[in-house]
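> Structure for this input, please:
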Amino acid sequence: MSDDNAIAQSAAESKAVVRQYFEVLDRVREHPVSMCTDDYKFTVLGSPTIGLQESIDFGKVFFEGIPDLMHPLDELIAEGDTVAFRYHYEGTHTRELIGAPPTGNKIHYYGMGFMRVRDGKVSEFIVSPDRVTLMQQIGLLPAEG
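Below you'll find the model as predicted:
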């Protein structure tokens with residue numbers, strides 16, 4: 001196998017891991033721990049990087065506030081072990097979320113990120129969600145008019 005073929009295969013495998021990560025996340029409604037390396041790191045841009053346990057706790061907050069939360073993938077681009085993705089969040093804000101009482105609002109906002117895959121598992125997850133739109137949709141910021 002040539003180096004180009006090995007890189008393409010690795011990129012395809014990395015994309016498959018990322019797809020599966022989000023499928024499991026949305027199906028079981030909690031962090032897919034078994035799909036992560038022991039030294040897994042999670043970063044929401046603008047916030048400190050956290051480890052696996054803190055990431056599990058972070059995810060619980062959102063699944064509690066938006067019990068039907070989904071993360072459909074809109075685009076994946078990979079090179080080697082790194083996958084860039086664009087996705088969106090959708091669900092219904094039916095419980096308290098980051099200080100906002102339930103609104104019953106349908107939420108829909110976008111995010112972009114990167115995952116690094118090592119030995120078939122996610123070792124790093126960096127994401128930049130559209131926080132302003134989320135905060136507007138759950139009533140923490142006024143909607144643009």
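> the helices in this structure, which residues?
Listed in chain order, the helices of the chain (DSSP state H) span 3-28, 52-65, 131-137.
> Report the mean per-residue pLDDT for the shortest one.
The predicted model gives helix 131-137 an average pLDDT of 96.
> The second one too?
Per-residue confidence for helix 52-65 averages out to 96 on the pLDDT scale.
> what does that helix contact?
Residues from elsewhere that reach helix 52-65 (CB atoms under 8 Å, 6 or more residues apart in numbering): 25, 29-31, 33, 36, 38, 40, 42, 44, 50, 69, 93-98, 100, 102, 125, 138. C-beta: built from backbone N, CA, C; applies to glycine.
> just the angle between it and helix 3-28, please?
Interaxial angle, helix 52-65 versus helix 3-28 (axes from the mean of the first three to the mean of the last three CA atoms, to 10 degrees): 50 degrees.
> so where's this structure shaky on pLDDT?
For the chain, applying pLDDT under 70 flags the ranges 1-9, 145.
> for the longest strand along the chain, packing partners?
Looking across the chain with DSSP state E, the single longest strand is strand 106-118. For strand 106-118, the elements it packs on are helix 3-28, strand 82-92, strand 121-129, helix 131-137, judged by 3 or more CB pairs under 8 Å, 6 or more residues apart in numbering; DSSP states H and E.
> Can you list the buried residues in the longest one?
The one in question is helix 3-28. Applying a neighbour-count criterion of 16 or more other CB atoms under 10 Å, one finds 10, 11, 14, 15, 17, 18, 21, 22, 24, 25, 26 buried in helix 3-28.
> same check, this time on the shortest one
Buried residues in helix 131-137, defined by neighbour count with 16+ other CB under 10 Å: 131, 133, 134, 135, 136, 137.
> Am I right that residue 21 is in contact with residue 35?
Yes - using CB atoms under 8 Å, residue 21 makes contact with residue 35 at a distance of 5.3 Å.
> Mind listing the shared neighbours of those two?
Common neighbours of residue 21 and residue 35 (criterion: CB under 8 Å, 6+ apart): residue 122.
> For residue 134, give its distance to residue 103.
Going from residue 134 to residue 103 by CB to CB, to the nearest Å gives 12 Å.
> burial count for the nearest residue to residue 38 once chain neighbours are set aside?
In this structure, residue 38 finds its nearest non-sequential neighbour in residue 52, 7.7 Å apart by CB to CB, 6 or more residues apart in numbering. For residue 52, the neighbour count with other CB atoms under 10 Å is 16.
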